[in-house]
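*Asks:* Quick one, fold the following:
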Amino acid sequence: MNLHFDTSHAEGYSSNSQKARVLTEFWVKDNAYCPGCGTIPLYQFENNRPVADFYCRQCNEEFELKSKKGNFTNTVMDGAFETMIQRLESNIVPNFFLLTYSAHWTVNNFIIIPKQFFTFSIIIRRNPLPPHARRAGWTGCNIDISGVPDAGRVHLVKNGTEVNRTTVKEAFNRTSFMRKQKSDAKGWIIDTMNCIDAIEKTTFKLSDMYAFEEALRRKYPNNNFIKDKLRQQLQNLRDKGIIEFISPGVYRKVQL
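*Replies:* Below you'll find the predicted structure:
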């Protein structure tokens with residue numbers, strides 16, 4: 001990858017926001033690859049498509065690009081609320097590219113959040129535009145990425161260094177099993193991953209996971225078997241290679 005933007009693409013544009021949009025889109029088109037199958041290049045959809053920006057002709061993965069100078073906060077602004085909800089209900093939401101760059105137009109971080117980590121709970125409805133606005137009544141949404149676990153944040157570029165493409169492909173595909181899960185099951189998998197992430201040790205015990213029982217009980221007040229559910233999810237994540245079973249009640253995080 002060439003981590004420097006080709007600023008010639010922005011000639012003739014006056015505002016920084018226009019320049020940023022053009023330069024980031026050209027950079028992805030010229031440098032990015034499909035993290036699912038490794039195919040390069042990605043192709044760009046027609047302008048103003050409601051959700052996705054790029055797609056892979058080999059495996060049909062779709063990608064929406066969000067870019068920012070500096071770092072992203074936990075909230076990423078997105079498009080129309082109803083459109084995103086409809087895509088989630090139809091299970092055709094795209095993967096998300098998050099691209100951050102410096103004031104000198106160089107890539108700092110390029111991350112993909114696989115689409116299986118998008119749930120209704122992280123889509124936040126914004127207030128409708130006021131009556132005097134050009135698009136009065138239009139309602140957008142924000143995406144709260146604070147609840148996306150580490151396994152759902154796959155770096156293609158990290159701190160200005162390109163990540164090995166084999167590692168990227170493995171990291172992207174190892175959670176693809178979640179795409180077949182129903183919404184409630186997917187939610188439990190993500191919550192369990194977040195509990196594991198919150199444990200600072202690489203090797204952890206079942207008792208470490210039980211420390212999250214009360215927090216999960218508040219989130220799932222109708223579930224009287226939180227510990228049983230945690231054990232079930234740990235077994236599931238072990239079978240999928242997200243964690244390793246060391247000995248009874250002892251697990252280890254798998255590092256890529």
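*Asks:* Backbone dihedrals for the residue nearest the centre of the chain, please?
*Replies:* Nearest residue to the geometric centre of the chain (CA atoms, centre = their mean): residue 113, 1.9 Å. When read as degrees, to the nearest 10, the backbone of residue 113 gives phi -100, psi 110.
*Asks:* which residues of the stretch 51-200 of the chain fall in strands?
*Replies:* Applying DSSP state E, counting those that start in this stretch to the stretch 51-200 of the chain gives strands spanning 54-55, 62-69, 75-80, 95-101, 107-113, 123-125, 140-144, 154-158, 161-162.
*Asks:* Now residue 81: closest residue in space that isn't a chain neighbour?
*Replies:* Excluding the flanking residues, the one nearest residue 81 by CB to CB, 6 or more residues apart in numbering is residue 141, at 4.0 Å. Where you see a C-beta, it was placed from the backbone N, CA and C, and this is true even at glycine.
*Asks:* what separates that neighbour from residue 147, distance-wise?
*Replies:* To residue 147, residue 141 is 15 Å away according to CB to CB, to the nearest Å.
*Asks:* next one: residue 168
*Replies:* Using CB to CB, we find residue 168 at a distance of 22 Å from residue 147.
*Asks:* Comparing the two, which residue is more hemmed in?
*Replies:* Between residue 168 and residue 147, residue 168 has the larger neighbour count (other CB atoms under 10 Å), namely 23 against 16.
*Asks:* Verify the contact between the more buried one and residue 153 for me.
*Replies:* No. Using CB atoms under 8 Å, residue 168 is not in contact with residue 153, being 11.8 Å away.
*Asks:* buried residues in stretch 138-155?
*Replies:* Buried residues in stretch 138-155, counted by 16 or more other CB atoms under 10 Å: 140-143, 145, 147-149, 151-155.
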